[in-house]
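Trainee: My questions are about this predicted structure, shown below with the sequence.
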Amino acid sequence: MPSADSLADDELDIHIEAVAVPPDLFRSFLSSNEEASVGKFCSGIVLQAGSATYFEPGERVIAACAGPLRCHVRVSSRSVIKISPDLPYSDACWIVPPRVAAYHALITVGNFKPEDSDY
């Protein structure tokens, strides 16, 4: 594990409990002798948190990350969200990403606001 001294203010060290591998890349993992490196979602436990984050060690999270499949990852806190204590890690990897994508499409890209709805 990287040392705490090298942890940037906005970074988290996460121990990975589950990873979502995109279906189209699954076959390449099985047929390749090289270390797999892809974009993916992973869920786990915060081990260390930079001073500028809103996270604490021990919190359960899901993160968007890229790189080799490992049991430990260091990511920017901007790509991490907390998950409920009763949500299994493996479920978080397939339940959360579509919701994050929908939020991004509606709120960030579409600039949708509550007053835009009739409900």
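Mentor: Structure's in. What do you need?
Trainee: tell me the helices in this protein, going along the chain?
Mentor: 23-31, 89-103 (DSSP state H).
Trainee: and those, which one is worst for confidence?
Mentor: Here these differ in mean pLDDT, and the lowest is helix 23-31 at a mean of 62.
Trainee: And for stretch 96-108, what's in contact with it?
Mentor: For stretch 96-108, the external contacting residues (C-beta atoms under 8 Å, 6 or more residues apart in numbering) are 20, 41, 62, 64, 81, 83, 112. All C-beta spots, glycine's among them, are computed from the backbone N, C-alpha and C.
Trainee: For residue 12, grab the count of nearby residues.
Mentor: Residue 12 has 25 neighbouring residues, counting by other C-beta atoms under 10 Å.
Trainee: ah, wrong one, I meant residue 43
Mentor: Using other C-beta under 10 Å, residue 43 has 25 neighbouring residues.
Trainee: picking that back up, how about the contacts of stretch 96-108 in TSV, adding pLDDT and distance to residue 91?
Mentor: TSV is the format used below for the contacts of stretch 96-108 (pLDDT from 0 to 100; distance: C-beta to C-beta, whole Å):
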residue	pLDDT	distance to residue 91
20	82	10
41	87	12
62	94	10
64	88	17
81	92	14
83	95	9
112	84	27
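Trainee: Just the ones of these in strands?
Mentor: If you go by DSSP state E, those have 20, 41, 62, 64, 81 in strands.
Trainee: if I read this right, the first one contacts residue 62, doesn't it?
Mentor: No: in this structure, residue 20 sits apart from residue 62 without contact. The criterion is C-beta atoms under 8 Å, and the distance is 9.1 Å.
Trainee: Between these two, which contacts overlap?
Mentor: Residues touching both residue 20 and residue 62 (C-beta under 8 Å, 6+ apart) are 41-42, 93.
Trainee: Most neighbours among those, please name it.
Mentor: Ranked by neighbour count (other C-beta under 10 Å), the shared contacts of residue 20 and residue 62 have residue 42 at the top, with 26 neighbours.
Trainee: so that one bridges to which residues?
Mentor: With DSSP bridges as the criterion, residue 42 is bridged to residue 19, residue 63.
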